[in-house]
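**Student:** Whatever this is, show me its structure:
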Amino acid sequence: MRSYRDEFGQLKNRLQDVAGRQVKRDVLLEIEHLDNQLHIQLINIHDLKHAIKTHSRQIENETASNNGNLPDELLGYHENLFDEYQSLEHTLHELRGEFDHFVNRTQ
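**Tutor:** Numbers count the residues shown, from 1 in each chain. I've put the predicted structure just below:
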């Protein structure tokens, strides 16, 4: 999650550099869209990272207090977090592609 946060923070900075050289309204609207999407995904990365840390602590606590046995609800939440991670990863790959396509078109 940390590497995604760093990468998408860099993309946001790079977009600001590209924006400084643009004057066409349609390009500026696309820049605004990408900036919003990058911002949203950085929030999603942060939220999922936090949820994973919290879940990891819950697993440690439950493992220590229940002789290594985990409740089914905790295991189910683990699966949900994994699904969220995969979904976020897919979204990030799509956004990265959209960003690369935009930058290549505007250079």
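**Student:** what stretches of the protein score poorly on pLDDT?
**Tutor:** For the chain, no stretch has pLDDT under 70.
**Student:** next one: phi and psi at the residue nearest the centre of the chain?
**Tutor:** By C-alpha atoms, centre = their mean, the mean C-alpha position of the chain lies nearest to Ile45, the distance being 3.4 Å. The phi/psi pair for Ile45 (degrees, to the nearest 10) reads phi -60, psi -50.
**Student:** Just to check, it is in contact with Met1?
**Tutor:** Yes: with contact defined as C-beta atoms under 8 Å, Ile45 and Met1 form a contacting pair (5.8 Å). Using the backbone N, CA and C atoms, a C-beta is placed for each residue, glycine as well.
**Student:** Which strands and helices lie in contact with the helix or strand that contains Gln86?
**Tutor:** With secondary structure defined by DSSP states H and E, Gln86 is part of helix 72-106. In terms of contacts (3 or more C-beta pairs under 8 Å, 6 or more residues apart in numbering; DSSP states H and E), helix 72-106 is packed against helix 2-19, helix 25-65.
**Student:** quick one: buried residues of that helix?
**Tutor:** Leu74, Tyr77, His78, Leu81, Leu88, Leu92, Leu95, Arg96, Phe99, Phe102 (16 or more other C-beta atoms under 10 Å).
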